[in-house]
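*Asks:* coordinates only, sequence not included:
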């Protein structure tokens, strides 16, 4: 069993972990729905050790929906690359300074 949570990659202190045996299908389904890199890893394991909070967050429907929305937004933003918006630059030689002096 790994000493690190596969979700957050942090160390697994004994007081904060859960060994997932029966819930592997739930983790695999959540991974597939998220479209992340853990699906193949989870399919190859009989059980995994994770933080309780990570497992709950990873399998929560609202969190999965938020991740999917973020992926969609990222895909849209990368497919519509526009030039950066900058102020027009004018060289100093384009300006002529005329001072009128009252006498």
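*Replies:* The structure has been received and is ready for your questions. These figures come from a predicted structure and were not determined experimentally.
*Asks:* surely residue 34 is in contact with residue 68?
*Replies:* Yes. Taking Cβ atoms under 8 Å as the definition, residue 34 is a contact partner of residue 68 at 7.0 Å. In this view, the C-beta of every residue, glycine as well, is placed from N, C-alpha and C.
*Asks:* the more surrounded of the two?
*Replies:* residue 34 (18 against 13; other Cβ atoms under 10 Å).
*Asks:* how close does the closest residue to the more buried one other than its chain neighbours get to residue 58?
*Replies:* With sequence-adjacent residues excluded and distances taken as Cβ to Cβ, 6 or more residues apart in numbering, residue 34 is closest to residue 67, at 5.1 Å. The gap separating residue 67 from residue 58 is 9 Å, by Cβ to Cβ, to the nearest Å.
*Asks:* quickly note the distance from residue 20 to residue 49.
*Replies:* 8 Å.
*Asks:* ignore the last one, residue 35
*Replies:* 23 Å.
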